[in-house]
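Colleague: here are the coordinates; sequence isn't available:
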C-alpha cells in the first residue's frame, strides 16, 4: 500500500471497478498484486485515487489497441499468405496448363510430321509410277514407229 505524493479525488471500490470496467474481485486482486495503489480507511474500506485509475485505464486501453493492431496485422499477414498460396496454385495450374499446351503442340507436330512423311512417301510412289508410265508410254510410241 503506497500513497501517491499528489492525490486526486478518492473513489470507492464500486466506482473504481466501474471506471476500469472490471469486477470488484479483480480490482482487489490488482491491489494485492500491487498493480493499483489503494488507501484503506480506518473502517477497513478501500479508496482509490481516481486519477490513477483513469491513467491505468488509459494505459490498458493503449495496450489493448496495440494488441488489436497486432492481431489485425497477423490477420492481414494470414490473408496475404492465403493469397500467395492461391497465386502459387494458380501459377502452378498455369504452368501445368502451359506444359499441357506444349505437349499437345508437340503431339500435333509429331502427328503432322508423321502425316507429312506418309504424304511424301505417296508423292514419291506417284512420281516413280509417273516416270514408269511415261517410260512405258515412250517405249510404246517408239515401238509403233
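Modeller: Good, I have the coordinates. Model, not experiment: these values are computed from the prediction. Residues are numbered from 1 along each chain as shown.
Colleague: any weak-confidence spans in the protein?
Modeller: For the chain, the stretches with pLDDT under 70 are 1-7, 62-64, 67, 69, 142-145.
Colleague: hey, where'd the helices end up in it?
Modeller: Shown for the chain, the helices assigned by DSSP state H span residues 13-20, 24-32, 50-144.
Colleague: deepest-packed of the ones you listed, please.
Modeller: Burial of the helices of the chain is given as mean neighbour count (mean count of other C-beta atoms under 10 Å); helix 13-20 ranks first at a mean of 17. Every residue, glycine included, has its C-beta placed from N, CA and C.
Colleague: out of the helices of the chain, which is closest to residue 41?
Modeller: Evaluated over the helices of the chain, closeness to residue 41 peaks at helix 13-20, with 11.0 Å, by C-beta to C-beta.
Colleague: so how far is residue 122 from residue 130?
Modeller: Counting by C-beta to C-beta, to the nearest Å, the separation of residue 130 from residue 122 is 12 Å.
Colleague: anything in contact with each of the two?
Modeller: Overlap between the neighbourhoods of residue 130 and residue 122 is empty, taking contacts as C-beta atoms under 8 Å, 6 or more residues apart in numbering.
Colleague: the helices of the chain into CSV, with extra columns for distance to residue 44?
Modeller: As requested, the helices of the chain are arranged in CSV below (distance: least, C-beta to C-beta, whole Å):
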stretch, distance to residue 44
helix 13-20, 11
helix 24-32, 13
helix 50-144, 20
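Colleague: so which of these gets nearest residue 42?
Modeller: In this view, the helices of the chain are compared for proximity to residue 42 by C-beta to C-beta, and helix 13-20 is the closest at 15.9 Å.
Colleague: helices or strands up against the closest one?
Modeller: helix 24-32, strand 46-49, helix 50-144 (3 or more C-beta pairs under 8 Å, 6 or more residues apart in numbering; DSSP states H and E).
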